Each structure stands twice: as C-alpha cells, then as structure tokens.
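Visitor: got a sequence here, can you model it:
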Amino acid sequence: PHNKAGKMLKSTAVEVGNDFSSLGELGLQMQQTLHEVIDSVKPIDLAKFDSILSSHLQKGGLDIRHYTEIWDLEDSTVITSSVPANLNRTKCNLHKWDYSTYHKRAYFVYTEPTRWVTIRMMSGILFSSFLILLILILSFAYMFWFLIHQKTVEQLKDDFTHNVTHELKTPIAITYAAVEAMIHYNITGNKEKTNKYLYICHEELQRLGNMVEQILSLSLEHKKDFKLKYEKVNLNELLDKIIEQQTIKSPKPFHVRQEFMPDGIILEADRTHLYNILSNILDNAIKYSGDNPQIRIEAEERDCSVIIRITDNGIGIEEEHLTHIFDKFYRISNSKQPPVKGYGIGLFYVKTMIQKHNGTIRVESQPGKGSCFIITLPQTNER
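Guide: Below you'll find the model as predicted:
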C-alpha cells in the first residue's frame, strides 16, 4: 500500500512543501483514500447520507427532493442507488463528485430544479419590488395626466380670456358709437332716432352687465366663508319671472310648458342663486333649440327633495361632451352648427351653486333630439 500511495502521489504531481496549494491537494487525496478504505470495510448507507444531505439543505433554506447513486466509473455500473425507477432524470439537476483514488467511483446526486424554490424564497423581495414598480408607474401616469390636464385648462383659460376680451370690446364700442352720434349729430330733436340709439345703448349695457355678473360669479368657488341665504321660495312665481325676463331678452319666440306635482311647490333655497341657476339653463335651452324652441319644465316633490327637469328640443349634446359641459371654460365646438356666444362659465356656475345647496345636477341628451337637465335639491331635514 505504501508503494501504491507513493506512486499515486507522484503521478498526481503533488510537490509537498513547494506551496500551500500542494498541501490542500495532499489533504484531499488522503481524505479520498480514507473514504475508499472505510467504504471497503462498511458499505455506504445511502439513507444516512440522504438524511445528512437533507439537514444541510434545510439549514440553507432549501426544502427540495433529492436522490443519490454511487457509480463505478471504470465500468459505468451503479453500485447502490436511492433513485426511484419512475424518476425522469432529464427533469432533475445532476451533481457529481469523484471521491476514489484507486477505483474510479463517484456520487451522483439528483435534485429537483431549484428555480422555483429560489423564486419562492425571494417572493418577499419580488413582491416588494413589484409594489414599488407599480407605485412608480402609477405616479408617472398621474404626473403625465396632471400635466396634460393642466395644459388643457391653460388652453381653455386662454380661449376664455380671448373671447371675453372680444365680447367686452363689442358692447363698449357700440354704446360709444351711439352716444357719439347723439352728441355730434344733434339728433335729440329726432325722437325716433334718439329712442333707437338709447335702446341700443340699453341693450348693450345690459349685455355688458350680464357678462360682468357671470365673470364675478367665478370667484364664489374660492370663498371658503361663502354661505347661502336660505328662504322659502315659491317655485311657480320664480319661474314665471324667469320666463318673462327671457321673453324680453330673447331674439326669437319660444314656448314653455310647466308641469308641477303638486301644483304649488314651496322650497327652501337661496332665491338669488336659484334664480340664476334656472335662468342659465333656460337661456341655454332657448339658444340651442333652433328657430322654434319648445321647452318643458317639470317639478315634483319626492323623498324630502324637489326634482326639477328642464327639457328642450334643441341640437342635443354628443356623448363625448356630456362629462365635460360643467367644467370651467369648457365650450363645445361644432362646425355643423352655427356658433353660439358664450364663455363656458354658465354651467360651471350652475353646478357650483347646486353643490353648495348640497344638491345634484345631471344631463340626459341625444344629438338632434334635445337635452334634459335634472336638478335635485334636498330640503331642510336632508340638507
């Protein structure tokens, strides 16, 4: 045995003392030789080996199935095995370790793939990473949406400023020209012309006043201390006044049909703002209903609320615009219809005031078939 060991050590070119790596090689060969000698005395207990291997794997957090074989590499035969006969070895990872010095033998250890085990062990980190990634994506998406929304609002504000500037200049210029004509051309003696110019001045100043009133109403949304002045309001009388006003100012005749349940409805609301709300909606119904506006106003008391429906036979509203018509400065552009003057603040004011009444407003509309605005105003106990 001594001669054989000497030949083996010499053949593997281990030069003891030359460097530290040679000492490692010598120790490994001695360990392998000792292993082979012990194996010749007592056969390897694979069950014991698998148990030891299992404990080491579990210490590392790996709970995987594994099977062991000992092969004689010289004739490629299996000395002992714990591998089941039905095991598909192609789906397992193979780990091989040679341990003999004289007789070429090796351990073949088959383990199930560790890919899914590794992923399962990293599930906490992966979930946290996915959550952070999701938050980042949502944050960037919200940021882009906010920037686009801000750009749209800025564009709408620019359009509003341009339109208002133009509309303010027009009544001022017309009124100035009429007054100048009366002063410089001494037409006060001509009663007919004087009345005509005074009527023009009155009409344009009234138009100017309406514009200023609508623009000032925008500041209401910023007043935190703003409070409504609730009082008993006779809805029938209020609507009669609004219809009378619209009859005077409207350039075209219209017909209004009123239906109330019960016949006389008394509600609690801020009289001034309720007047403006209904006046705005009725004014839009007339403007967007062609040459023969037919308007129906329905009101009923239901479940401690008053529900008001204002229906017209106008051009209607496209579905894509329905969710935006109450936005500030929003205007519907339609090349197929003649343009209607406005600033995109009337319906915004309407929605703002109704919300301050703790009420709701919604619209039902079909293009070419008219629109229906539905207002719900809760009364004392609901409010």
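Visitor: let me see the ranges of the helices in the stretch 1-150 of the chain.
Guide: With DSSP state H, counting those that start in this stretch, the ranges of helices along the stretch 1-150 of the chain come out as 2-11, 20-41, 46-59, 115-121, 123-184.
Visitor: name the residues that touch the fourth one?
Guide: With contact meaning C-beta atoms under 8 Å, 6 or more residues apart in numbering, helix 115-121 is reached by 61-64, 126. For every residue, glycine as well, the C-beta is placed using N, CA and C.
Visitor: need these in TSV with pLDDT, can you?
Guide: Formatted as TSV, these follow (pLDDT from 0 to 100):
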residue	pLDDT
61	72
62	75
63	73
64	79
126	86
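Visitor: and those, which is closest to residue 88?
Guide: residue 64 (15.6 Å; C-beta to C-beta).
Visitor: ok, now which ones touch the residue found closest to the closest one once you drop the neighbours it is linked to in the chain?
Guide: What sits nearest to residue 64 in space, not counting adjacent residues and going by C-beta to C-beta, 6 or more residues apart in numbering, is residue 112, at 5.1 Å. The contact partners of residue 112, taken as C-beta under 8 Å, 6+ apart, are 64-66, 91-93.
Visitor: do residue 44 as well
Guide: Counted by C-beta under 8 Å, 6+ apart, residue 44 has contacts 70, 80.
Visitor: A strand includes residue 260, no?
Guide: Yes - under DSSP: H, G, I helix; E, B strand; the rest coil, residue 260 falls within a strand.
Visitor: does it really touch residue 236, like I thought?
Guide: Yes - with contact defined as C-beta atoms under 8 Å, residue 260 counts as touching residue 236 (6.6 Å).
Visitor: if we can go back for a sec, now the contacts of residue 112 in TSV, with neighbour count and distance to residue 191?
Guide: Formatted as TSV, those follow (neighbours: other C-beta atoms under 10 Å; distance: C-beta to C-beta, whole Å):
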residue	neighbour count	distance to residue 191
64	14	109
65	11	112
66	18	115
91	9	109
92	17	112
93	14	111
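Visitor: and those residues, which of them are in strands?
Guide: In strands, defined here by DSSP state E, the members of the contacts of residue 112 are 66, 93.
Visitor: so which of the contacts of residue 112 comes closest to residue 351?
Guide: Nearest member of those to residue 351, counting by C-beta to C-beta, is residue 64, at 64.0 Å.
Visitor: and residue 151, how far from residue 145?
Guide: 11 Å (C-beta to C-beta, to the nearest Å).
Visitor: sorry, wrong one. I was asking about residue 139.
Guide: Using C-beta to C-beta, one obtains 11 Å as the distance from residue 139 to residue 145.
Visitor: same check, this time on residue 31
Guide: 67 Å.
Visitor: nearest to residue 353, of the helices of the stretch 1-150 of the chain?
Guide: helix 123-184 (19.2 Å).
Visitor: elements contacting that closest one?
Guide: helix 191-217 (3 or more C-beta pairs under 8 Å, 6 or more residues apart in numbering; DSSP states H and E).
Visitor: the helix it packs on: how far from the chain's middle?
Guide: Relative to its chain's centre, helix 191-217 lies at 46 Å (C-alpha atoms, centre = their mean, to the nearest Å).
Visitor: pLDDT wise, what is the spatially most central residue of the chain at?
Guide: Centroid check for the chain by C-alpha atoms, centre = their mean gives residue 142 as the closest residue, at 7.2 Å. We have a pLDDT of 92 for residue 142.
Visitor: any idea how far residue 260 is from residue 376?
Guide: 16 Å.
Visitor: rewinding a little: out of the helices of the stretch 1-150 of the chain, flag the one nearest residue 363.
Guide: helix 123-184 (19.4 Å).
Visitor: and the angle for that closest one with helix 191-217?
Guide: 160 degrees (axes from the mean of the first three to the mean of the last three C-alpha atoms, to 10 degrees).
Visitor: off-centre distance for helix 123-184?
Guide: That offset, for helix 123-184, works out to 19 Å (C-alpha atoms, centre = their mean).
Visitor: can you report how many residues neighbour residue 326?
Guide: 19 (other C-beta atoms under 10 Å).
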